[in-house]
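**Q** here is my input, please return the structure:
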Amino acid sequence: MSTNRSEDWIDSSWIENYLRNSVATPDRWLFIHDTSRVFPSLHVLKLFDREYEVIFFEGDLRIRQSLERYKDNPEAPAACIVSHQPHETNLQILDYIVRSQAVEMTPQSILEFAQPGYSWTHSVNQLCGEDFWTLFERLQTYRLNYPRSMTPAEAMNLLISTQLEIDLRASLSVREAVEIWQRMERDTDLVTWGEKYPRLFQSLDLKVRAALPLMDKLEADTDFVHFLWTSYSLAQHNEDYDLFLPELFGDKIWKKYGNTPPEEIWRACPQLIQSDPERVMDQIRQTEIWLTQDQQRQELFQRWVGLDASNLSKTIEYLKKEVLFCVPVRDALRLLAAQLCHFPESLDVDEIHKIIENIQRRHLFQANTTNYLQIKDIFRAFTDLVVLNQLIARAECKSWLAGEDRSQIKNQVILNPDTIDEVTDWGDQAHLSKLELMAAELEQLNFQCDFLPTPVIGEVLGRVKELIDAYNINFAQQIATSFPAWIASDRDKPLLTVDFLDTLFFPRYQQYLQEKSQSTYIFMFDGMRWDTWEAIKPKVLGSFQGRLALDGVFPLVSILPSTTAYNKYAIFTGEFPNGEVSSDWEEALVPAFQKRGIHGVRWIRDDGTNQAEMLALIETDDVPVKVLNFTFIDQELQQATQNLSTVYEEIKVNFERLVQPYLERVPSDSLIFLMSDRGFIESTDSQVFSEEILQMYSGTPHHQRYIGLATPPTSTDLGHFVFFSAEQIGLQPTEDALHYGFATGCTQVLSAKRYVHGGISIQEMLIPCVVFVPTAKGQLEIFPS
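**A** Below is the predicted model:
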């Protein structure tokens, strides 16, 4: 006997032997009833030395046409009718059937013929066609594990065992049940098989659920979903949780499930969380919908797990442990966030860090992909608020800020030189630069996820503004008293943009460029202030990591006026511009480098259409200094009306698209400078220049943040405004600009644009110069954090 795994490979002689065993004597007509479609696609059968033409009953008219030539014709050859139709359909050709020898061909009869002495039940007849022949040999092998006479239940187990290739005679362990259950969910072949054989699939489902009894209850009864997860959550936070359950659930649910052993809940829930977190999250969502449908029920639950506005220590303990529910976690975070906004130092730092650790790493809904309740945004908003408070606290540790009432800063109108710090003591610029951007991001995120009321979040945003204002007052005081001295003398610090060429660039050029094939690249970004660098830094480091080393991020102070034209001239010539300048830095660039013995300087501005020229310059070997100017940051700011965080998201996208491909093409033996010409400040109010200032420069045009005066100022005591003569800031006087007046960080001027520049503030004047050097020159190869 030879059988194979597909009907196309079945040995026809084996089928003929089976039919000889089923038909006592040959006759002219043979009718095979094959509802399981296990009869192979044969055209001729040879039985008892007679050939039977095989005719398949596919439809009444077709088969009658085929059989017409046999009717009442004794000379016609023998015929075998194979029907897959149900009995009631076969009645349509009853006149042929009654003249035939009828055989019912089923998987049961075939298996019993193949294994004499082993009986099968009709359950095996569920299998059809190729599925049956695919499992044919395996069915016989597994059959040897059962008694010769088997029960229907054993037959169902055997059929499922052959499909799964797992012996299911014994009860399943929890682990085995979980593994099979996962296969039933994710194995597409098994799912398709289950759709074809629902009775078998249902039997398997029941067997799995018998090993996981809670799963059956969870699937069949949503009330039990509510009971299970609410009870489990309460048990994590309150030792006496069982005393509250009758009041929380009411008579209906409590009577149904009140007798559920607690140990069954404690054992089953962690297993369910581990085995199928997606399904658990769906059940948590169902439970929270049920909880929030009744305000009293929700308040009871939240009070019993520990939410208490009058006792925040209980709320903190809840947030340190809760990893499943979202609604109470959201409300608890709102309580603590409001406290942080009102009284930022009232909560223990270590406890807050434990909360952040829990919600960011252990909470189940960190894996959520459906944005349920915007819970991940809320987690992020709370974390950002904590980080922002920490940055504010660091900045407030400045000695000149300690104890100061910054709410009065906006009313201060006279700069006080007696309170000036050294220029190097303007605070940790890396931290200070993040304040304004983080505040903007938090404001935007809070709006998106409706975390805190606007007045509450406004308190911490107001602290940021007051703090930056305070820094800018100190900065303006320093500029007012020291800037003329910086211009007139040599100094080690601070470095102005005019010092770049001789102090930062030239010494490194001499140190690191030893071969003619090496080049120095200056990537100039118009309008990049310090927090802009912080925003694009991960992408820059990702492009250079392993190829170049970070030599340092050096602060430069823009010369006045803090505009692109003035500062580009200063950067690329090492000299102060003569009066009004526009773009003559481009003409002065080459002579300035030649003056220092550097020949072969080329520059190019990215205009969005000259990528080929940009790449060609980068890859050219015979140009020692290459200047690539990018203006997309400034262009974005010129037209932007959005929140700063939104602007920076667009800047990061454009950086990745417009700049990163060039950075990745820079050779690893290069010297690289990433730098800016000046920054910018947000103009949030609509206040015009005062009448006193307008009178001083009547008829003289003014810019966004500074004015040129044809005559000396009649008064220098004009609020947050700083005045210099042209000589004091290194400029040649012109007829219309003998003196200059500059708005400070606390001065608001009328502007159609949201982001402006040209004045005196940390945001406008303190800019980064980032230097990368070849790693082979002995520098650190790991980027500092």
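**Q** what ranges do the helices span in the stretch 601-750 of the chain?
**A** With DSSP state H, counting those that start in this stretch, the ranges of helices along the stretch 601-750 of the chain come out as 611-619, 632-639, 644-658, 660-663, 691-696.
**Q** so which of those helices gets nearest Trp229?
**A** Nearest to Trp229, of all these, is helix 644-658, at 36.3 Å by C-beta to C-beta. Placement of C-beta: from N, CA and C, glycine included.
**Q** by how many degrees do the closest one and helix 632-639 diverge?
**A** Relative orientation of helix 644-658 versus helix 632-639 (axes from the mean of the first three to the mean of the last three C-alpha atoms, to 10 degrees): 140 degrees.
**Q** what's helix 644-658 packed up against?
**A** Using 3 or more C-beta pairs under 8 Å, 6 or more residues apart in numbering; DSSP states H and E as the contact test, the elements touching helix 644-658 are helix 429-449, helix 530-544, helix 632-639.
**Q** wait, which of those helices is closest to Gln65?
**A** helix 429-449 (71.5 Å).
**Q** how about the closest residue to Asp377 other than its chain neighbours, what does it touch?
**A** Distances taken as C-beta to C-beta, 6 or more residues apart in numbering place Cys449 nearest to Asp377, at 3.9 Å, with adjacent residues excluded. By C-beta atoms under 8 Å, 6 or more residues apart in numbering, the residues touching Cys449 are Gln374, Asp377, Ile378, Ala381.
**Q** next secondary structure element downstream of the lengthiest helix in the chain?
**A** Looking across the chain with DSSP state H, the single longest helix is helix 454-488. Going down the chain from helix 454-488, the next helix or strand is helix 506-512, by DSSP states H and E.
**Q** roughly how far is that following helix from the heart of the chain?
**A** Centroid separation for helix 506-512 versus its chain: 42 Å, with C-alpha atoms, centre = their mean, to the nearest Å.
**Q** same question for stretch 735-750.
**A** 44 Å.
**Q** I'd like the mean pLDDT over that stretch, please.
**A** The average pLDDT within stretch 735-750 is 79.
**Q** what comes up buried for it?
**A** For stretch 735-750, a neighbour-count test (16 or more other C-beta atoms under 10 Å) marks Ala737, His739, Tyr740, Gly741, Phe742, Ala743, Thr744, Gly745, Cys746, Thr747, Gln748, Val749 as buried.
**Q** how far off centre is the helix or strand Ile253 falls within?
**A** For Ile253, the host element (DSSP H and E) is helix 241-257. With C-alpha atoms, centre = their mean as the basis, helix 241-257 stands 40 Å off its chain's centre.
**Q** now stretch 435-443
**A** 20 Å.
**Q** what does that stretch contact?
**A** 381, 384-385, 387-388, 391-392, 395, 457, 460-461, 464-465, 467-468, 531, 534-535, 643-645, 648, 682, 763.
**Q** and Asp282, what pLDDT?
**A** pLDDT recorded at Asp282 is 93.
**Q** wait, a helix at it?
**A** Yes - looking at Asp282 with DSSP: H, G, I helix; E, B strand; the rest coil, it is inside a helix.
**Q** ok, it to Asp223 distance?
**A** As for Asp282, its distance to Asp223 is 16 Å (criterion: C-beta to C-beta, to the nearest Å).
**Q** do Val323 as well
**A** Distance from Val323 to Asp223, by C-beta to C-beta: 24 Å.
**Q** what does Leu94 give?
**A** For Leu94, the distance to Asp223 - C-beta to C-beta - is 55 Å.
**Q** higher neighbour count, those two?
**A** Asp223 (15 against 9; other C-beta atoms under 10 Å).
**Q** and the more buried one, helix, strand or coil?
**A** Under three-state DSSP, Asp223 comes out as helix.
**Q** so how far is Tyr257 from it?
**A** Distance from Asp223 to Tyr257, by C-beta to C-beta: 7 Å.
**Q** and for Thr532?
**A** Distance from Thr532 to Tyr257, by C-beta to C-beta: 58 Å.
**Q** those two: which has the busier surroundings?
**A** Just comparing Thr532 and Tyr257: by other C-beta under 10 Å the higher neighbour count belongs to Thr532, 25 against 19.
**Q** for Pro555, see how far away the more buried one is.
**A** 14 Å.
**Q** same check, this time on Leu617
**A** 29 Å.
**Q** again with Leu385
**A** Distance from Leu385 to Pro555, by C-beta to C-beta: 28 Å.
**Q** I'd like the mean pLDDT over stretch 70-86, please.
**A** The model assigns stretch 70-86 a mean pLDDT of 80.
**Q** list the buried residues for that stretch?
**A** Tyr70, Ala78, Ala79, Cys80, Ile81, Val82, Ser83, His84, Gln85.
**Q** I'd like to know which of those is nearest to His363.
**A** Nearest to His363 among the buried residues of stretch 70-86: His84, at 55.9 Å, using C-beta to C-beta.
**Q** the closest one against Ser41, yeah?
**A** No - in this structure, His84 is not within contact of Ser41 by C-beta atoms under 8 Å, at 11.8 Å.
**Q** give me the contacts around stretch 137-150.
**A** Taking C-beta under 8 Å, 6+ apart as the rule, stretch 137-150 contacts 3, 5, 111, 114-115, 117-121, 124, 154, 158-159, 161-162, 165, 167, 169.
**Q** for the buried ones among the residues you listed, write the corresponding ChimeraX selection.
**A** If you want just the buried ones from the contacts of stretch 137-150 in ChimeraX, going by 16+ other C-beta under 10 Å, the selection is:
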select :111,114,118,120,121,124,154,158,159,161,162
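**Q** just give the closest residue to Ser171, not the sequence neighbours.
**A** Nearest to Ser171 is Ala211, by C-beta to C-beta, 6+ apart, at 6.7 Å.
**Q** how many neighbours does that neighbour have?
**A** So Ala211, with other C-beta under 10 Å, has 17 neighbours.
**Q** same thing with Pro152?
**A** Per other C-beta under 10 Å, the neighbour tally for Pro152 reads 10.
**Q** which phi and psi does the closest residue to it other than its chain neighbours have?
**A** Distances taken as C-beta to C-beta, 6+ apart place Thr121 nearest to Pro152, at 5.1 Å, with adjacent residues excluded. The phi/psi pair for Thr121 (degrees, to the nearest 10) reads phi -100, psi 170.
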